[in-house]
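> Sequence below, structure please.
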Amino acid sequence: MSAAWIIAARRTAVVPRGGAFAALDIHDLAAPVIRDLLAQAGVAPDEVGEVILANALGAGGNPARVAALASGLPETVGGLTIDRQCCGGLDAVMLAQAMILSGQQEVVIAGGAESYSRRPLRSRTFADGRDPEPYEQAQFTPWPDRDPDMAEAAEALAQKLGITRQTQDDWAVASHQAALEGVQSDQIVPVAGQEADAFTRKLTPRLCARAPVIAGSVTAANMAVAADGAAFVLVVSDRVARRLSAPKVRIEAGASLGGTPDLPGIAPVDAIKAVLARTGRIPNDLSIAEIMEAFAVQAIACQEGAGVPREIVNPNGGALARGHPIGASGAILAVGLYYELLRRGGAGVAAIAAAGGLGSALVLSAP
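Alright, predicted model coming up:
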């Protein structure tokens, strides 16, 4: 196969945990999106060869299989669940591209789904009979002294790069404003009566100044809230893309790299540089960039470190204005990139960091 194409992209709204999606399981979030995705592209369920679903909070079993069955796909569609934490939703799209280019599949649904509200309780057990020990953050390195809390890692990045709280707050205010003004309704499948991202608001510098401090310059205003949501894209071969009249963008290349575990937020810089090199592009060639905003400092560090023009980054706001459904967040970036490229043309990049020092980036282009 000479190319892999995205011919449809949809997501749920993003809702902070405990909100409108609090009673929904992962497959309840994923199935409506998958069904709508196929209808959007005019693809029959029996044409789907695989579903790749990223999930990060340890749902157990195989959520991709459950979502495929709940969506009404044929029982022959197995379903593949992956976990690369925050990077997973974007990496699912890269895996779909690889399946298409290798000739293994011709139609793949790829993305992610996460329910912070329904996440399982997690505990470590011990061979000596001690009581299980509950934990919130999983182990991301074998070294306790190099496995930081994510907010503390964000603060360390801010100190290393000299990024002030004011600069982080300004980015957060801009993210909310862009989300309020941007066009996102065409992306969203109504689920549980939720037709728009629930967290977006008129954030002001005054509100930022009153936000609780989480770690140094990192506050509740300049970090993303934990959230529920799902997002998927439909990836197809040249042959299928030619047969259908659906609007399409090309998956050009992807990169998933490891970096220093101590500063995970900066890992996407090398991934962006690598994927641009693979496509023969420089940052100024891009018409749009979707950069993950788990923390404002992370987005700032990636934008500046990769040399991406600020004016093309997150034109409809980012995760600071939506929330962060971990396994779905990378796929949400891909969905947003698809729609903006259909509007603007040209090429764009999506990039995201993950705990443990991981970074992923993906370049798409409009034909």
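> Quick check: which ranges of the protein have low pLDDT?
Scanning the chain for pLDDT under 70 picks out the ranges 1, 59.
> Show me the strands in it, by range?
Under the criterion DSSP state E, the chain contains strands at 4-11, 15-16, 50-54, 80-82, 107-115, 123-124, 133-134, 213-215, 218-219, 227-237, 249-258, 288-291, 347-354, 358-365.
> Compare those and give me the one nearest His27.
With C-beta to C-beta as the measure, strand 107-115 is the member of the strands of the chain nearest His27 (7.7 Å). All C-beta atoms are positioned from the backbone trio N, CA, C, and that covers glycine.
> Restricting to C-alpha, output the closest one in CSV.
Provided in CSV are the C-alpha atoms of strand 107-115 (Å, rounded to 0.1, in the frame of the first residue of the first chain):
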residue,chain,number,x,y,z
VAL,A,107,-10.0,-0.4,7.3
VAL,A,108,-8.9,0.2,10.9
ILE,A,109,-10.6,2.2,13.7
ALA,A,110,-8.0,3.7,16.0
GLY,A,111,-8.1,6.0,19.0
GLY,A,112,-8.7,5.8,22.7
ALA,A,113,-11.2,5.9,25.5
GLU,A,114,-10.8,6.7,29.2
SER,A,115,-13.1,6.9,32.2
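> and Leu207, what does it touch?
Applying C-beta atoms under 8 Å, 6 or more residues apart in numbering to Leu207 gives the contacts Ala221.
> Show me where the stretch 151-300 of the chain has its helices.
Along the stretch 151-300 of the chain, counting by DSSP state H, counting those that start in this stretch, helices occupy 165-181, 205-210, 238-243, 268-279, 296-306.
> Now tabulate the strands of the chain in CSV and tack on distance to Arg201 and mean neighbour count.
Converted to CSV, the strands of the chain look like this (distance: least, C-beta to C-beta, whole Å; neighbours: other C-beta atoms under 10 Å):
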stretch, distance to Arg201, mean neighbour count
strand 4-11, 20, 26
strand 15-16, 11, 26
strand 50-54, 28, 29
strand 80-82, 33, 21
strand 107-115, 22, 32
strand 123-124, 35, 10
strand 133-134, 32, 10
strand 213-215, 19, 17
strand 218-219, 15, 24
strand 227-237, 14, 31
strand 249-258, 31, 21
strand 288-291, 21, 26
strand 347-354, 23, 30
strand 358-365, 29, 26
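> Now render those strands as TSV, adding distance to Thr200.
Putting the strands of the chain into TSV (distance: least, C-beta to C-beta, whole Å) gives the following:
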stretch	distance to Thr200
strand 4-11	14
strand 15-16	11
strand 50-54	23
strand 80-82	29
strand 107-115	19
strand 123-124	35
strand 133-134	32
strand 213-215	20
strand 218-219	18
strand 227-237	12
strand 249-258	25
strand 288-291	16
strand 347-354	20
strand 358-365	24
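> And these: which comes nearest Gly265?
Of all the strands of the chain, it is strand 347-354 that lies closest to Gly265, at 5.1 Å by C-beta to C-beta.
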